[in-house]
Every structure is written in C-alpha cells, then in structure tokens.
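Q: Requesting a structural model of the entry that follows:
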Amino acid sequence: MPLAPAFGLSFIPAANFFKEYELPKAVLHLFYDRRVDDADDDLPKFNGYWQSQWAVSSRFVSTILRRG
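A: Residues are numbered from 1 along each chain as shown. From the prediction side, this is the model:
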C-alpha cells in the first residue's frame, strides 16, 4: 500500500513468522474474504481490497496523530 514516494506498507500473514508469539497482538482482520480458516474472536473483520485498505489506513493515521 503506497503512502508516499518511497514509503509503503506490506501485509505479511502471521503464520509466515517462525515466532508468532513475538508479534504484536492482533486488533483486526484484513482481507478476511481470503482467509484460510475462520477466526473465532470479536475482532473486526474487513472483506475486500477497499474495506481492508480503509481499515488499516484510518487506524494507521489515528495512531500517528495520537503520538504527535
């Protein structure tokens, strides 16, 4: 997801990490329509490209603004 020239975000499934326990706690599910398994939790689930992009972009911006 491009945010600015030479700056972007990539999404890598947690299952690709050897030590999943070292990752931060999940707060939402992106691209849920492409899931391999159902997630049995209360986290918000976003389907499709645009919904997922909006969910992560708005969360990213609100986190940056809170820190500043």
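Q: burial of residue 50, as a residue count?
A: When counting by other CB atoms under 10 Å, one arrives at 9 neighbours for residue 50. (Glycine included, C-beta is placed from N, CA and C.)
Q: Could you number the chain from 40 rather than 1 from now on?
A: Sure, I'll start numbering at 40, so the last one becomes residue 89.
Q: what about residue 81, how many residues close to it?
A: So residue 81, with other CB under 10 Å, has 6 neighbours.
Q: any idea how far residue 66 is from it?
A: 11 Å (CB to CB, to the nearest Å).
Q: can you check residue 106 too?
A: 16 Å.
Q: Name the next helix or strand following the helix or strand bottoming out on mean pLDDT in the chain along the chain.
A: When each helix and strand of the chain is scored by mean pLDDT, DSSP states H and E, strand 41-43 comes last, with a mean of 60. Heading C-terminal from strand 41-43, the first helix or strand you meet, by DSSP states H and E, is strand 46-47.
Q: strands paired with that following strand, and their directions?
A: The pairing partners recorded for strand 46-47 under DSSP bridges are strand 41-43 (antiparallel).
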